[in-house]
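Q: generate a structure from the sequence data that follows.
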Amino acid sequence: MNSTSLQLFLFLQMALFFTTMSSAQAAQANSKLFREYIGAEGVGVTFSDVPIDSRVEFHFILSFAIDYTTSSHPSPTNGNFNVFWDTENLTPSHVSAIKARHRNAKVALSLGGDTVAGKHVNFSSTSINSWVRNAIDSIVQITKKYKLDGIDIDYEHFQTDPNTFAECIGRLLFYLKQNNVVSFTSIAPYEDDSVQPYYLALWRKYGHLIDYVNFQFYAYDKGTTITQFMKHFEIQSSNYKGGKILVSFGTDQSGGLSPENGFFEACARLRSQGKLHGIFIWSADDSKKADFRYEKRAQSFLAS
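A: Got it, this is the predicted structure:
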């Protein structure tokens, strides 16, 4: 073998080595995590209704616990959370049963949400210290009663400044993780000038405590294309730098990139780049009428 042939051989070997390394790293970065919000709409959906593929990591997210009173005219409680999900069909015994039946299933709760009794759920606090104290007490009680694994933050309306929100939520997450009350945390922001500043403030100060970013890609316009979706993903990956950005769609006729228009093709592109950190769906309540067809497809995609 002459020197030119040897150089070419070594170059090809190195190219193959780095290609293999890149493929291995990409595969390592991808995830088989599937998450589903459940219980917000009172349609009688149960954990056992939802198909669970044994090949994925499955998170149910109970929707919602809200720091409002449970009266006919709910009002803010400064961090004293109450359960507002379907408590008839999603009980502590149901949580225990689904986790016993499916070893890959975990159950979390989400805080906040969009509305309660037809009005916006506003994040408001009398003071940071009092809100955090009340939130810790009430959330610990709920998580212990239901034997929950994680917590999600999904406030969408605010009556305070971003720094107060960041400190309240950040200190709550710190306590819950430090004391092993929960094993994973997530936030659920979306692209809106009245929402993003709050989550970005939280991310800058306490991002190290947040395991997943359940970004609401279905809050973008209907008819979003694959190219637009990929651009949105890159922008949000930059906003929440270093975070595990989960992709999503809604089964409630909301916007974004739908499965019919190429959602799973976009997921395949992200997977080839090592950037698919998981998929979540809003929500099981809406999916029930179509027999959870997209839950099955999403989990099958992740497992393949």
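Q: host element of His232?
A: Assessed by DSSP states H and E, His232 sits inside helix 226-239.
Q: Phe158 against Cys168, yeah?
A: No. When contacts are counted by Cβ atoms under 8 Å, Phe158 is not listed as touching Cys168 (10.9 Å). Any C-beta I mention is one placed from the backbone N, CA and C, and that applies to glycine too.
Q: so which residues of the stretch 101-250 of the chain form strands?
A: 105-113, 115-116, 119-120, 122-123, 150-155, 157-158, 184-187, 212-214, 245-250 (DSSP state E, counting those that start in this stretch).
Q: tell me where the model's unsure across the chain.
A: Residues of the chain that meet the criterion pLDDT under 70 lie in 1-28.
Q: about what we covered before: neighbouring contacts of the helix holding His232?
A: Helix 226-239 has contacts (Cβ atoms under 8 Å, 6 or more residues apart in numbering) with 191, 196, 200, 203, 213, 215, 217, 220, 224, 243, 245, 247, 256-257, 261-263, 265-266, 269-270, 275.
Q: now stretch 297-304
A: Counting by Cβ under 8 Å, 6+ apart, the neighbours of stretch 297-304 from elsewhere in the structure are 31-34, 51-53, 55-56, 58, 259, 264, 267-268, 278-279, 281.
Q: can you tell me the closest non-neighbouring residue to His59?
A: Sequence neighbours aside, Arg35 is the residue nearest to His59 in space, at 4.2 Å (criterion: Cβ to Cβ, 6 or more residues apart in numbering).
Q: which parts of this protein are helices?
A: 3-29, 92-101, 128-146, 162-178, 196-206, 226-239, 263-272, 284-287, 293-303 (DSSP state H).
Q: so what does the third one touch, helix or strand wise?
A: Helices and strands touching helix 128-146, by 3 or more Cβ pairs under 8 Å, 6 or more residues apart in numbering; DSSP states H and E, are strand 57-66, helix 92-101, strand 105-113, helix 162-178.
Q: if you set the cut-off to 6 Å instead, what comes out?
A: helix 92-101, helix 162-178 (3 or more Cβ pairs under 6 Å, 6 or more residues apart in numbering; DSSP states H and E).
Q: quick one: the last one to chain centroid distance?
A: Put plainly, it is helix 162-178. Using Cα atoms, centre = their mean, to the nearest Å, the mean C-alpha position of helix 162-178 is found 17 Å from that of the whole chain.
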